[in-house]
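Peer 1: How does the following fold in three dimensions:
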Amino acid sequence: MEIDIVLKELQNQNKSVYKNVFNHFYKGLVIYANNFLFDQEASEDIVQEVFISLWENAKNIEIKTSLKAYLYAMVRNKCLNYLKSLKVTDDLNVIDLNSILVLDEDLDLISEEEKTILYNHILKIIETFPESMQQVFKLKFIENYKYEEIADEMGISVNTVKTQLKRAKVKISQSLVIILALLSIHS
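Peer 2: I've put the predicted structure just below:
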């Protein structure tokens, strides 16, 4: 469907079109939100809030790119606001990197080939971590464990978990600066 037609139908409160948009984007948006929050329920709540906002404010919405980009941007912004409300900071810009790696609409920032190169470099960086740091990192970011669950699983303190993750992020961000610089040279 053309964005203008879909937007017009949403503005006219067409429930059928709204339901189709919801069904088409919901699952992907929840996965995207979960990449920020690592909390399935909070991710679902945020995506539902985005769709409620879309329904309530459809008459005032101006979409300049695509509906998909608009919805993903709304989810990203709500996730960042949610994290701010929890006093979570992203000094290393891991969230922005994650956004680039996950969202298809950011292809103008980084190509598919560069995403693959970057992802493979991140995996290589993780492989250089000490065994315990690798395990903490994988439990947190691949298995979506909470700090307490990682601590229980590994028999370490929650502070040790946080320290290991902070060190892992520092190592990744230091290496990524070099990798991103090399990618921009080759562009």
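Peer 1: Can you check the pLDDT for I178?
Peer 2: With respect to pLDDT, I178 scores 66.
Peer 1: ugh, wrong one, I meant L67
Peer 2: With respect to pLDDT, L67 has a value of 85.
Peer 1: do T163 as well
Peer 2: So, for T163, pLDDT stands at 88.
Peer 1: right, and Y147 touches T163 too?
Peer 2: No - using CB atoms under 8 Å, Y147 is not in contact with T163, being 10.9 Å away. All C-beta atoms are positioned from the backbone trio N, CA, C, and that covers glycine.
Peer 1: Those two - which one has more neighbours?
Peer 2: Taking other CB atoms under 10 Å, Y147 and T163 do not tie; Y147 has more neighbours (17 against 14).
Peer 1: just for this structure, where's the confidence low?
Peer 2: 1-3, 86-119, 142, 176-187 (pLDDT under 70).
Peer 1: Go again with 90.
Peer 2: 1-13, 31-42, 57-70, 72-73, 76-147, 158, 161-187 (pLDDT under 90).
Peer 1: any idea where the helices of it begin and end?
Peer 2: For the chain, helices defined by DSSP state H occupy the ranges 3-11, 15-37, 40-56, 67-85, 94-102, 112-127, 131-141, 147-154, 158-186.
Peer 1: can you pull the buried residues of stretch 72-83?
Peer 2: The neighbour-count check on stretch 72-83 (16 or more other CB atoms under 10 Å) flags Y72, A73, M74, V75, R76, K78, C79, L80, Y82, L83 as buried.
Peer 1: From those, pick the one nearest K8.
Peer 2: Each of the buried residues of stretch 72-83 was scored against K8 by CB to CB, and M74 proved nearest at 19.2 Å.
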